[in-house]
Structures are given as structure tokens and as C-alpha cells.
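Undergrad: What would the 3D arrangement of this be:
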Amino acid sequence: MSPKKKQHVNRTGVYYLADEHRKLYPAYSRMSIHDLIILLLPRWRSMTLVERKPYEDLAKQYKRTRMLNNENVITPVIPSSEEVSFIEKNSNENKYLDTYFSNDLIDIFKRNLFFVTFQIFCRTDDEDGGDYYPAEIAIMKYSFFESIKQEYFTIIKPEKFPVGYTGTAIDLSRETHQIPPFDFVGANGDYKRIWQEVKRVIGDSIVDSSTNEPVIVFCNAFERDQTTYLLNWLVSKGNNNIEQSSKPSFRVCSFEALVAALLRRIGIGDFAHQSVREQLRRPVYTIQVKERCIYHDSLAIQYCCRAINHGFSLFLDGFIRQRFIQSFSEQVQNEITNKNLQKLSPINSYMHEIKSISNESTSSIIDSISSTYIEKHKTLRVLTQPQKTKVSDTIKLASVGSNVFIQSPSTNISSSMDQQISNSSTKNKVNDFFLYLRY
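TA: Numbering: from 1, shown residues only. Prediction:
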């Protein structure tokens, strides 16, 4: 009889709990580590986060040590597989985007660009599936002609973390976006609705995988795999009963490759992706960005999906747009200038729109901050806001489904209203999170 094959056991937190029991209690020393883990799983699941943390810290320390040992084995002359893959992706994107932007410059100037940013709680190891657990999403529709056209952002309620990754989720949350991974009242667990809102922003650009042209989205270069995985995850949650061939298809490219391709197209030169990344790290595109989600508005951190997308748009507006316009003929430049002036002029129909809004029902509606949706139409800024809001003389509310849309005649009024909402909605949430940090 052939010997029984030894079972592989991942070094997660529960592994170290079982290992401790084998050392403390002689009766358990005769059991295999795999059987002991199964025996102790009910106890592990009943333990608090504080009780689990020492064991999960040991698991993380083991993973760090293993990674360092692997790095020492790699010859410095030969790049690692991750580096080779990264360089290959950059090269392929350069070729693809050069073809994508080979059309007329005016067509490119008016073309919609989509920015998608995710924050995550954790990513499981490859041997555990390599799954991502999202914390937040923001998507933006942008064009050089109209700047920001639409955006949607939400905090996502994660699915149940696999055994051994609770501590990882807590630590990553504290170190980056600071979104509580458990029992957060502002988290949205309606994945189907999130996907519907994402489709709402993408609009006519949605195609299915049976066509040859996928939806092209842009994100940070180091998050391409993450963005691809989570977009497909969202699609699967929103289209459970739809055949695979009819589900939308995405091509995820880096924002750095986008900028480099545009600069090549207008004849500025060939910029390295690293140069674009260094520019994006400047405070004006990170910590100084004012447009943030309600939760992150009061936190002095750069890890906000909405702020990251706005950093992309600010970069294109400030660094690329004027160079783009200068490549046009004088006639086209004048048309663009006149169009921008018209956008800034008062809208005659505005008072009529406000009057019609005030006649509609304005009953208080409660929604989570996860339903935040912004749409810029003409000079009106429409915000889906998840909070009970008092109706003032200058700002009227119109209820649409389960959302509250705030329409204001000027950016200043809108900004002040945002600040009022932010102060009222984040005060309790942030206080709750600080208590969560203490434990």
C-alpha cells in the first residue's frame, strides 16, 4: 500500500492556534495538524478579533520571511517574473493605445475616457485563490472637451473574509483607506445596484464580450490586475442570470500609458511611465484634491477612490489639455473657447427647473453613502446624497428612487452644502471608526 500523501496546510492564523495546542496539550500532539485545524475551526470562528490577532501576526511574519528568502534566491541580473510581466504589459499597452488614438485629433479630444479606482481590504495568497476583497470603488467619465461628465463612487461591504485573512484586512484598512471592514453603516452590500450605477456612467460604451471592442478603462499601473479582477467580479454579481457571451468585456490600461500615448499622439515626445507616476505623486494631485467621498472628506489621507480619479482629471486638464488645444487650427481653438464660455454663462431654463423640482415630493429619504452619484449636466451639479437633508430656500431636493438629488445654481452653494452634509454624516462614522482603531 502506497504511503498517504502529505496534505499541504497553509500557514494562516488558525494554523498557529493549532500548533500552539499541539505544544500545550499532549493529547493533541498525536493528531495531524490538518485534523487539528478542522477540530479547532469552530473555536477560531467564535474568537474575537483581538484574540485572533497574535496568531494572524505569526502568519504574516511567516509570509514576510518566505518572501525575503525568495528574494535572496533571485539573481539580480535576471528580473523577477512580476517585473517581466509588468514591463511586457507596458509595452503591449503602448502599442495598443497608439492604435486606439490614431484617429483624428478632434475625435480624440471629444472621446470619453473612463477612470476606475478600487480600494481593497485584502488579497488572498495565490494558493488560496488570489481573490480581492473590495472596500471602495469610484468610476469617472471624462473628456478633454467637457472635462468631468459623470462619476459614481461608493463604499463596498465586503463578502466574508476567508479564514486567516481577518487581521490582514484590518491592518490594510488602518494603513490606507481607513474604512472599517466590519459593521460599517455606510457600506453598500447591494452589488447588483453598484454594477447598475457603474453601467449608468459607462452608458453607451457598454458592449458584450462577443464583440471585438471592449470597454477601455484606465487605472493606476500597479492596480491593473486588481481592477480587472474586481470589474469582472462586479459583472458576475450584477448579471447572475446572463450568459457569459453577453456579459460586458473590459480592457484595463494604466493611466501612465494613457498620458504617454496622448503626448506621443500630439507630437510632444515619448515620456516614460515612471515620469508620469512621479508627477502624479505631487500633492496637488493627491492630498490637496478637494473632491472626496463623504467618509474621506474629514480624513487627511490620500487613499480615497474619488480623489484619485479627480487627481487623474486634474492632471489631464492641467498638463495635457492646453497642449492638445495648441495642436488644433486657430478656428477649432476659437470654437473650443466659445464653447467653454457658453458653459459658464447662466442657463435661462434654470429657474424653471428649480420650480419644477420644488413641486415634487421632498420627503426625507435615507440611503447609504454607498449610493453617492454625481452627474454634471450643463452648469448643474447633481449629487446623490445619502443623508436626511433639510430643504432650504436656495437648494431644492427631488427624490429619485431611493436617492436624494441636490441641485444647486452654483458651485459655491453646492460646495457649502457638501460641507454641511459631510460634517453631519462623518462625525458619528469617524468617531465609531476611531473606537474601532483602538481595538
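Undergrad: domains for the chain, by residue range?
TA: Structural domains assigned to the chain are 13-73, 83-343, 346-438, following automatic domain parsing.
Undergrad: any idea which of these is most buried?
TA: Of all these, domain 83-343 carries the top mean neighbour count, a mean of 17, counting by mean count of other C-beta atoms under 10 Å. Yep, even glycine has a C-beta here, placed from its N, CA and C like the rest.
Undergrad: quick one: average pLDDT of that one?
TA: Throughout domain 83-343, pLDDT has a mean value of 88.
Undergrad: Now do the phi/psi pair for residue 120.
TA: With angles defined as degrees, to the nearest 10, residue 120 sits at phi -130, psi 160.
Undergrad: wait, it sits on residue 135?
TA: Yes. The pair residue 120 / residue 135 is scored as a contact, 5.7 Å apart, by C-beta atoms under 8 Å.
Undergrad: Which stretches in this structure count as strands?
TA: Remark: strands assigned in the chain by DSSP state E are 113-123, 132-143, 147-155, 215-219, 250-254, 373-377, 380-384, 396-400, 403-408.
Undergrad: So in that sheet, which strands flank the longest one, and in what orientation?
TA: Strand 132-143 has the following strand partners under DSSP bridges: strand 113-123 (antiparallel), strand 147-155 (antiparallel).
Undergrad: closest to residue 198 out of the ones you listed?
TA: strand 147-155 (6.4 Å; C-beta to C-beta).
Undergrad: what about stretch 319-329, start to end distance?
TA: End-to-end distance for stretch 319-329, by C-alpha to C-alpha, to the nearest Å: 20 Å.
Undergrad: How about stretch 22-32?
TA: Stretch 22-32: ends 9 Å apart by C-alpha to C-alpha.
Undergrad: got the contact list for that stretch?
TA: Contact with stretch 22-32 is made by 7, 18, 21, 33, 36, 39, as judged by C-beta atoms under 8 Å, 6 or more residues apart in numbering.
Undergrad: try it again with 7 Å
TA: Under the criterion C-beta atoms under 7 Å, 6 or more residues apart in numbering, residues 21, 36 lie in contact with stretch 22-32.
Undergrad: could you give me the average pLDDT of that stretch?
TA: Per-residue scores along stretch 22-32 average to 84.
Undergrad: how close does residue 27 get to residue 55?
TA: 20 Å (C-beta to C-beta, to the nearest Å).
Undergrad: Name the nearest residue to residue 317, ignoring sequence neighbours.
TA: Leaving aside its sequence neighbours, residue 317 sits nearest to residue 147 (C-beta to C-beta, 6 or more residues apart in numbering; 6.1 Å).
Undergrad: oh, I was asking about residue 43
TA: Closest to residue 43 by C-beta to C-beta, 6+ apart is residue 17, at 7.8 Å.
Undergrad: do residue 44 as well
TA: Residue 44's closest residue in space is residue 14 (C-beta to C-beta, 6+ apart), at 4.6 Å.
Undergrad: Report whether the expected contact of that neighbour with residue 166 is present.
TA: No. Look at residue 14 against residue 166 with C-beta atoms under 7 Å: they stay out of range, at 10.4 Å.
Undergrad: Just list the residues touching residue 311, thanks.
TA: 280, 285-286, 289 are the contacts of residue 311 under C-beta under 7 Å, 6+ apart.
Undergrad: and if you look at residue 36?
TA: Taking C-beta under 7 Å, 6+ apart as the criterion, residue 36 is in contact with 18, 21-22, 28.
Undergrad: just curious, which of the residues you listed is nearest to residue 319?
TA: Residue 319 has its nearest neighbour among these in residue 18, at 54.7 Å by C-beta to C-beta.
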